[in-house]
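**Q** Need the 3D shape of this:
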Amino acid sequence: MLAVSCNAGREHVRVKKRARIQDKVSDWKECEDHYWIAFKSDWWGDAGKSRLLESEDSQNIITVTQSKVLVQLDILTNTNGQLYVRAEYELLYARLCNAASVHMYIVIPGVVLTGQPGSGKSCFGLYALLRCIANEQAVVFFTTYGQAFYFNESGVRTCPTAEVNSRILLRRRRLYCTPGTRMWSLMDAPAYGKLISPKVLSHSIFFGLLASTDPSSFEVLLEHSHTRQYIMNPWADSELLVVMTTPGMMYAAECRAFDLAEVQKVRAQAGPCPSDVAAMLRDAEHVREGVQSTVRPLSMKNILEFALATWSRPSIGSFKALLMRRVGDLDPQALGDDVAVLTFKTAYVMELVRARYRELVLEDVGQVSLNACAGNTEILAALLFEGLAFKVLSSDAWEDVGRFRGYARMSRTTTSCEKSLRLFEF
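**A** Now for the predicted structure:
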C-alpha cells in the first residue's frame, strides 16, 4: 500500500509538472494574420525552393511580398522587399550547414557571424531563414528588437525573446540528437547593447548569431569552447552595381544612371558597403564631416595604435575610418575561425590620418627631438607609420615586408652638425 501511495504521489507531481510545461509552451502565440499565413505558404517546402530557383534568373534577387512580415522581422524595410543574394550568402549558408552537421571529435554548438557594419549580416539571416523554411526545417528567428518567431510545419508562432526558454520549447525532442538533426536558431544581434540570455541555447539547437564586432553582448555564446567566429566580407563593385541599378533597392541611387566605372568612383569615396554608398549619395558632405570628426581628435598614441595594434574589439565609431574583412577566400569546407584584417576604408580616410599624423609631429617636434637625443627610437615613428606599420592595416600577408617600402618616401635633411637631430621629411 505504501508503494502504491508513493507511486501515485510521484505521478501527481509529474502531471502537475507537465501542466506547467504546457502552460509555458503556450506563451508562444499563433501568428494568424493573413500576411503570416501567406508568407509561410510562399516559402515552406517546394514553393520556397521554386522561388529560390527563380531568383537565379533575376540577378539573384529574391522578393518577399509580405511587407508587414518584414516590418516585424525588421529586415528589408528599405528595399521594397527585395533581397540580393550575394555569392557570399550562398557560400556562408553552405558553411553553416557543414558546421551544424559535422560530428568528428567535436560538436560545434553554433556560429557567430560578424563583419563590417552594413555588410549585410541581417539580410543573410533572412536568406538563411528562407532556406530553412524551404527545406521544411523547424527554425527560430530572433529579431534585433526582442521578438522571436518559431517556424515549423504547423505554422508560425511568436513570443518575446525575454520569455523564450529553448530547453522547455524542445522538451519533447530526444535528450540526445545528432548534430545534423538539431533545430536552427538564427539571432539578429540585440539592440542597445542588450545581452543574450543563455535560456535561448540548448543541446538540441544550432545557433547562428549575426553580430557587430563587439563581443560584450554575446560572451555567453563564446563560453562554448567550440563556437566558431566567421567574418562576412564587404561588397564587390559588381554586387554594388546590381543594388544601385535595381529599382527600389537603393532609392538614393535612382536619380542617376550608374555603370561599373561610376560605382567604383562612389565606392572609392564611401567604402564597399551599400549603407555607406547610400549615405554618400544622399549627403556626401555630411559623410565626410563624420569621417573628419573621427580622425580629427586622434592623438599620436591613437594613430600608432591604428597602425601597430591588432584590434580584436574595434568600436562601432571607428568603422567610419576602418574596414574589416577576412583573410583569404570563403571555403564552405573550412570550419575553423576566420582571421580578420583591418584596413582604412578608403584612400581619402588614409590621407586624413596621414595629415593628422604630420600635424601632430610638427606640434610635438620638441619632444621628438628630446627623445631622439636620449637615444629613443620614437624618432622613427614616421617611418613606422608610413612603412612597416601598414602590416596590420593591409589586406596582404604581414610577412611581405617588401610591399611596404613604397610607403617610406622619406629622406634625411642636410645638417651642419653631425651630432644635431636628423629629421625625416615626408
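**Q** shouldn't Met350 be in contact with Phe344?
**A** Yes - with contact defined as Cβ atoms under 8 Å, Met350 and Phe344 form a contacting pair (4.2 Å). Every residue, glycine included, has its C-beta placed from N, CA and C.
**Q** care to break the chain down by domain?
**A** With automatic domain parsing as the criterion, the domains of the chain are listed as 29-232, 283-426.
**Q** Which of Met350 and Phe344 has more residues huddled nearby?
**A** Taking other Cβ atoms under 10 Å, Met350 and Phe344 do not tie; Phe344 has more neighbours (20 against 16).
**Q** low-confidence ranges in the stretch 151-300 of the chain?
**A** Counting by pLDDT under 70, the stretch 151-300 of the chain shows low-confidence ranges at 167-177, 193, 214-217.
**Q** Run through the strands of it in chain order.
**A** Taking DSSP state E, counting those that start in this stretch to define them, one finds strands in the stretch 151-300 of the chain at 155-160, 183-188, 205-210, 228-232.
**Q** what's stretch 80-93 in contact with?
**A** By Cβ atoms under 8 Å, 6 or more residues apart in numbering, the surrounding residues in contact with stretch 80-93 are 55, 59-67, 70, 76, 113, 120, 123-124, 126-128, 131, 230, 232-233, 235, 239, 242-243, 246-249, 330-332.
**Q** give me that answer again for 6 Å
**A** 60-64, 76, 123-124, 127-128, 131, 239, 242-243, 248-249, 330, 332 (Cβ atoms under 6 Å, 6 or more residues apart in numbering).
**Q** Tell me how far it lies from the chain's centre.
**A** Mean-position distance between stretch 80-93 and its chain equals 14 Å (Cα atoms, centre = their mean, to the nearest Å).
**Q** Same check on stretch 328-346?
**A** Mean-position distance between stretch 328-346 and its chain equals 12 Å (Cα atoms, centre = their mean).
**Q** Tell me the buried residues in it?
**A** Neighbour counts over stretch 328-346 (16 or more other Cβ atoms under 10 Å) mark 330, 335, 338, 340-346 as buried.
**Q** That one: end-to-end distance?
**A** One end of stretch 328-346 sits 20 Å from the other (Cα to Cα, to the nearest Å).
**Q** can you check stretch 182-192 too?
**A** End-to-end distance for stretch 182-192, by Cα to Cα: 30 Å.
**Q** Would you mark the buried spots in it?
**A** The neighbour-count check on stretch 182-192 (16+ other Cβ under 10 Å) flags 182-190 as buried.
**Q** quick check, nearest of those residues to Asp42?
**A** Closest approach between the buried residues of stretch 182-192 and Asp42, by Cβ to Cβ: Leu186, at 18.4 Å.
**Q** Contacts only, for the closest one.
**A** Contacts of Leu186 (Cβ under 6 Å, 6+ apart): 125, 128-129, 141, 208.
**Q** same thing with Leu360?
**A** Contacts of Leu360 (Cβ under 6 Å, 6+ apart): Met300.
**Q** and the host helix or strand of it, how far from the chain's centre?
**A** Applying DSSP states H and E as the criterion places Leu360 in helix 347-363. Centroid separation between helix 347-363 and its chain, computed with Cα atoms, centre = their mean, is 29 Å.
**Q** What residues of that helix count as buried?
**A** Buried residues in helix 347-363, defined by neighbour count with 16+ other Cβ under 10 Å: 349-350, 352-354, 356-357, 360-361.
**Q** likewise stretch 80-92?
**A** For stretch 80-92, the neighbour count (16+ other Cβ under 10 Å) marks 80-86, 88-90, 92 as buried.
**Q** Most widely separated two among those?
**A** Across the buried residues of stretch 80-92, the longest distance by Cβ to Cβ is 24.0 Å; it joins Asn80 and Leu92.
**Q** Pick out the residue closest to the middle of the chain.
**A** Thr114 (3.0 Å; Cα atoms, centre = their mean).
**Q** by contact count, what packs against the helix or strand harbouring Ser122?
**A** Assessed by DSSP H and E, Ser122 sits inside helix 121-134. Secondary-structure packing of helix 121-134 (3 or more Cβ pairs under 6 Å, 6 or more residues apart in numbering; DSSP states H and E): helix 34-43, helix 46-55, helix 87-101, strand 183-188, strand 205-210.
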